[in-house]
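> When you get a sec, could you give me coordinates for this:
(2 chains, ligands or ions: 2)
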Amino acid sequence: MIRLENLTKHFGPAHNPFVAVDNVNLDLPTGEICVLLGPSGCGKTTTMKMINRLIQPTSGKVFIDGKDTGTVDAIELRRSIGYVIQQIGLFPNKTIEENICVVPDLLGWDRRKSRMRAKELLELVGLQPDLFLKRYPKELSGGQQQRVGVLRALAADPPVMLMDEPFGAIDPINREVIQEEFLKMQKTIRKTIIFVSHDLDEAVKMADRIAIFRGGKLEQYATPDDLLARPANSFIEDFLGSDRALKRLRLIPVRNAMQTDFITVQNSDSVESALERMRSSGSAAAFVLDAEGVPQSLLSAQVAGARSGAVADHAEPVKGAVPVSGDLRHAVSLMFAHDMPLLPCVDEGGRLAGVMSYRSIVHNLGHGETA
Amino acid sequence: MEIVRFIIDNLDIIGARAIEHISIVFLAVGIAVATAVPIGIAITQSKSTADTVLYLASMMITVPSIALFGLMIPLLSPIGHGIGYVPAVVAVVLYSQLPIIRNTYTAITNVDPALREAAKGMGMSTWQRLRQVEIPLAIPVIMAGVRTAVVMNIGVTAIAAYIGAGGLGTFISRGISQSDPRQLVTGALAVSLLAIAADLFLALVQRLLTSRGIQGDVTQ
Ligand SMILES: Nc1ncnc2c1ncn2[C@@H]1O[C@H](COP(=O)(O)OP(=O)(O)O)[C@@H](O)[C@H]1O
Ligand SMILES: [Mg+2]
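Ligands and ions are numbered 1, 2, ... in the order given. Now for the predicted structure:
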């Protein structure tokens, strides 16, 4: 666990200091990612650097797992904390292997053990060890360097990581890929991470908690969903933007928002009987499934109310389906793309598991606002 | 033709003189590297100290060598080395300071601050940072300074023949005093060839000392 207690940093002369970080208090539970977010110059980097004491706090304390870091030797402290910087900072004179092994070597690990570790780590992000271990940083693409920068911080398996805009130096497409990759990795490594960003989308994606800074002050500290649903003041509201409700879409899993009260019908059933069953069960659509349970076509209550005859004649083909493991953003995107106000939600086998409607989405987004 | 004949007849003496010459330059530049590189690193800590040190080293290099040799006669005579090998070495050590200090200083201050930051943030001590990051990255530029010093001082050492230091300059000084163009040309030719050979040799050393990861990135 990381705890910042009244953390403050002044720069410049004591009689007229510039307050870069102003009395910040924050608790981050073990295994979570906290994103420090805010406009440039608001004190994010300074706050982060006080944690590994690259910057000495003017006052206040930093505790890691209950231990006051001010009482630990600074060099030892830094070796126990993974550090990733925006400029990546791989040492160009060292091979990838040597770069990854910097901290293990500083800690005096057995050589075989550290080289083994470098190999494992490269494999973890899909870089073939025999291809990359002996290469130099300049022989890698930006994205590959970025990955190695993260691996280097992970090499000695530190419980805590500091990442200062770690994916900032990379093009948007690769950034998305690396973010996903890192989140997947984090599911197993469960590091306690302080992550600096000035990009709201990145923060919403990466964070378990977001700390919004402004002029050195911590303005709000909340989960991404909480923050988007209930910004504490108008500055934060402006910062989040007028489309903040849309940003929440990504945070809500399809599984939690879909309705499961759909009904299934046969192609040969009459529209009238299908409508009758929809009305009595209160569901908005009836699906025709194949033998495996995969939705083939759907009949909405609206269409059924205006037609008669067999289901087969009026049901519309299913042009898209969202996996239940997806998020609402994905669902909405499919609804727009296929012009389907009712979207089937399917499990890994493609079998129907629920249905998503505009109404259920609005209902889910509305939740936070009113609470 | 006469000159070629002279060279062939005197190959053994030319060889001996060349070895004297090389021993003066390489001993002196060796000593200079041992002093100037640490000085160049040390002065990165303070801009004003750096300016002063670089100014003094520049002053040094403006003193004509013949004057420097003259100055050293009274200074080194009390220890019995007013002329000869010792003042020659001392002069070369002094002249080598500027190119090596300046290049070391420039190379270390030009190391990307992000690398310094990464090294520090990962828990390297100042010494570890120098040894693992800053010096390896500075090597090509430091070596360029060493090469400048060597080439320049092969010329300075030729003049040291006038204070009895030996070396290839002996042919030149005798050629002048005896109005013997054969010795004069032989001496001049040998000094030039030695300078070229030494530079090529040091270029090779530079390559061997430079990490493959930064090879070709940095030129002087
Ligand atoms: N070493 C320093 N000396 C003086 N001012 C500094 C120093 N480091 C940072 N600052 C100032 O402190 C403020 C916060 O900086 P920083 O933490 O780097 O911001 P952020 O990372 O949020 O962009 C900025 O206004 C910056 O100019
Ligand atoms: Mg910053």
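
> Buried ones in the longest helix seen in chain B, by neighbour count?
Selection of the longest helix in chain B by residue count, based on DSSP state H, yields helix B:11-42. By 16 or more other C-beta atoms under 10 Å in any protein chain shown, the buried positions in helix B:11-42 come out as B:14, B:17-18, B:20-22, B:24-25, B:28-29, B:32-33, B:36-37, B:39-42. All C-beta atoms are positioned from the backbone trio N, CA, C, and that covers glycine.

> by contact count, what packs against it?
Helices and strands touching helix B:11-42, by 3 or more C-beta pairs under 8 Å, 6 or more residues apart in numbering or on different chains; DSSP states H and E, are helix B:85-109, helix B:135-159, helix B:169-177, helix B:181-209.

> what's the neighbour count on the closest residue to A:F182 other than its chain neighbours?
Spatial nearest neighbour of A:F182, chain neighbours left out: A:V150 (6.6 Å); criterion: C-beta to C-beta, 6 or more residues apart in numbering or on different chains. By other C-beta atoms under 10 Å in any protein chain shown, the residues close to A:V150 number 22.

> any idea which element A:V150 lies in?
helix A:142-154 (DSSP states H and E).

> What does the pLDDT read for the most centrally placed residue in chain B?
What sits nearest the mean C-alpha location of chain B, by C-alpha atoms, centre = their mean, is B:A149, with 2.9 Å. Listed pLDDT for B:A149 reads 97.

> And for A:S360?
Here the pLDDT value assigned to A:S360 is 85.

> what's the spacing between it and ligand 1?
Separation of A:S360 from ligand 1 (C-beta to the nearest ligand atom, to the nearest Å): 39 Å.

> Provide a list of residues in contact with that residue.
Taking C-beta atoms under 8 Å, 6 or more residues apart in numbering or on different chains as the criterion, A:S360 is in contact with A:257-259.

> do B:A114 as well
With C-beta under 8 Å, 6+ apart, B:A114 has these contacts: A:85, A:87-89.

> So which bits of the helix or strand hosting it are buried?
In this assignment (DSSP H and E), B:A114 forms part of helix B:113-121. Within helix B:113-121, the residues that count as buried by 16+ other C-beta under 10 Å are B:115-121.

> With stretch A:16-29 instead?
A:19-22, A:24, A:26, A:28.

> That one and ligand 1 in contact?
Yes. Between stretch A:16-29 and ligand 1, judged by C-beta under 6 Å from any ligand atom, the touching residues are A:18, A:20.

> avg pLDDT for that stretch?
Stretch A:16-29 carries an average pLDDT of 97.

> quick one, longest helix in chain A?
From DSSP H, the single longest helix across chain A is helix A:172-189.

> now for that one, which elements pack on it?
By 3+ C-beta pairs under 8 Å, 6+ apart, helix A:172-189 packs against helix A:142-154, helix A:200-206.

> Show me what the residue lying closest to A:L218 once chain neighbours are set aside bridges to in the sheet.
Leaving aside its sequence neighbours, A:L218 sits nearest to A:V24 (C-beta to C-beta, 6+ apart; 4.8 Å). Per DSSP bridges, the residues bridged to A:V24 are A:L7.

> if I look at A:V24, how far off is A:P224?
19 Å (C-beta to C-beta, to the nearest Å).

> and what of B:A32?
61 Å.

> and what of A:N174?
For A:N174, the distance to A:P224 - C-beta to C-beta - is 23 Å.

> which of the two has more neighbours?
Legend: neighbour count by other C-beta under 10 Å for A:N174 and A:P224, higher for A:P224 (22 against 16).

> I'd say that one and A:V204 touch.
Yes. If you go by C-beta atoms under 8 Å, A:P224 and A:V204 touch, sitting 4.6 Å apart.

> Common neighbours of those two, please.
A:210, A:251.

> so B:Y95 makes contact with B:P64?
No. The criterion here is C-beta under 8 Å, and B:Y95 misses it with B:P64 at 10.8 Å.
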